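Enquirer: Sharing a model prediction with you, sequence too.
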Amino acid sequence: MLRSIILITLLISSVCALQWDMHKEESRNELEESSGEIPTEQLPGVCWACKWAMKKLKRRISNGATPDDIKQKLGTVCDEIGFLKSLCRKIVNKYTDTLVEELSTTDDPRTICINITVCKK
């Protein structure tokens, strides 16, 4: 009887340990897949940072600005945002080409951020 109890306990422990290892591996894979991704509409401040940067850029970009001028200004706008600098840079790096196109239009900052899906409609 005691032998059966010990055997069942070991079996249950092994299954629990295996399940725990599988759970840890899944969590690690999820973190690796999500690293570098912009948590659109999840992190507080993402939409605000985008609108702030687009507002600054809209003021600085003239009507005749070339795509290279816009890219240059995109590269420096995040330096002024303070503690959201890294978040701003992720947005700019991920959407550079789209932002160059959007900033060439008459869209307002909120519309631009909605179009790149970092703000809700």
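Expert: Here it is on my side, so go on.
Enquirer: Domain map for this protein?
Expert: Following automatic domain parsing, one gets these domains for the chain: 1-35, 46-115.
Enquirer: can you redo those as CSV with distance to K121?
Expert: Any C-beta I mention is one placed from the backbone N, CA and C, and that applies to glycine too. Output for the domains of the chain, formatted as CSV (distance: least, Cβ to Cβ, whole Å):
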stretch, distance to K121
domain 1-35, 24
domain 46-115, 6
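Enquirer: Ranking those by mean neighbour count, which comes first?
Expert: domain 46-115 (a mean of 16; mean count of other Cβ atoms under 10 Å).
Enquirer: Now that one: average pLDDT?
Expert: Domain 46-115 shows a mean pLDDT of 88.
Enquirer: Pull the distance from that domain to the chain's centre.
Expert: On the basis of Cα atoms, centre = their mean, to the nearest Å, domain 46-115 sits 15 Å off its chain's mean C-alpha point.
Enquirer: ends of that domain, how far apart?
Expert: End-to-end distance of domain 46-115: 14 Å, with Cα to Cα, to the nearest Å as the criterion.
Enquirer: do the same with stretch 81-99
Expert: End residues of stretch 81-99 are separated by 18 Å (Cα to Cα).
Enquirer: so the nearest residue to K121 once chain neighbours are set aside is in which element?
Expert: The shortest distance from K121 to any non-neighbouring residue, by Cβ to Cβ, 6 or more residues apart in numbering, is to I114 (5.6 Å). Using DSSP states H and E, I114 falls within helix 109-115.
Enquirer: what residues does that helix touch?
Expert: Counting contacts by Cβ atoms under 8 Å, 6 or more residues apart in numbering, the residues outside helix 109-115 that touch it are 47, 50-52, 54-55, 58, 98-99, 102-103, 107, 119-121.
Enquirer: at 10 Å what do you get?
Expert: 40, 46-59, 91, 95, 98-99, 101-103, 105, 107-108, 118-121 (Cβ atoms under 10 Å, 6 or more residues apart in numbering).
Enquirer: Do I have it right that D97 meets L103?
Expert: No. Look at D97 against L103 with Cβ atoms under 10 Å: they stay out of range, at 11.1 Å.
Enquirer: would you list every one of the helices in this structure?
Expert: According to DSSP state H, the chain carries its helices in the segments 2-34, 46-60, 67-77, 85-94, 96-103, 109-115.
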